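mind looking at a prediction? Sequence and model below.
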Amino acid sequence: MGKAQKYVLLGDATYPLQDWILKPYQEDKNLTQRQLRFNYRLKRAHSVIENAFLRLKARWQILLKCDDCSLELLPTLVLACCILHNICEAHDNPFNEEWLEGTEPTELPKPCQPAPAAMEDGQAEQMRELMCQYFESCGEG
């Protein structure tokens, strides 16, 4: 894109647009084809992330019961599971689809109401527009 970008989290329409939260354009009849494609690609990326977490929880079912460990330990536990998962994959111990049977996709908590417009970051709109242009230049998919 010609400009270094920092990492962002993907959010849905209820989150405020910030320079660290990338969210779709508000769905209405005035969206351009480019903005609609951007929203579609963001939705696809979000589903990839949800699937990755589902598979991680299926392989490491301790993540299904994280309510019995301290909040301070949780990031280390998740990181350890990610590292162990990568080690398993590197040593040809593939994911077993049967593990998914005991795991249900869970809806992650999110705000009930859209964030007020005052919480939106004007600089973040420029970043979203850059991402929109980048997605358009990548072709279909």
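Right, received. Where do you want to start?

spatially nearest residue to residue 88 (excluding sequence neighbours)?
Distance criterion CB to CB, 6 or more residues apart in numbering; nearest residue to residue 88, sequence neighbours excluded, is residue 59 at 7.4 Å. The way it works is simple: take the backbone N, C-alpha and C, and place the C-beta from them, glycine included.

so where's the chain uncertain?
1-3, 66-67, 102, 104-118, 139-141 (pLDDT under 70).

buried set for the lengthiest helix in it?
When secondary structure is assigned using DSSP state H, the longest helix within the chain turns out to be helix 33-59. Residues of helix 33-59 classed as buried under the neighbour-count rule (16 or more other CB atoms under 10 Å) are 35, 37-39, 41-42, 53-59.

can you pull out the strands in the chain?
Counting by DSSP state E, residue ranges of the strands within the chain are 9-10, 21-22.

make a markdown table out of these and add distance to residue 128 and mean neighbour count.
Listed next are these as a markdown table, based on distance: least, CB to CB, whole Å; neighbours: other CB atoms under 10 Å:
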| stretch | distance to residue 128 | mean neighbour count |
| --- | --- | --- |
| strand 9-10 | 12 | 13 |
| strand 21-22 | 6 | 18 |
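
which among the ones you listed is found nearest to residue 68?
For residue 68, the closest of those is strand 9-10, at 26.6 Å, according to CB to CB.

who are the packing partners of that closest one?
Using 3 or more CB pairs under 8 Å, 6 or more residues apart in numbering; DSSP states H and E as the contact test, the elements touching strand 9-10 are strand 21-22, helix 33-59.

can we see that at 7 Å?
Other elements packing on strand 9-10 under the criterion 3 or more CB pairs under 7 Å, 6 or more residues apart in numbering; DSSP states H and E are helix 33-59.

follow-up on the earlier one: isn't the residue nearest to residue 88 right up against residue 85?
Yes - between residue 59 and residue 85 a contact is recorded at 5.9 Å, counting by CB atoms under 7 Å.
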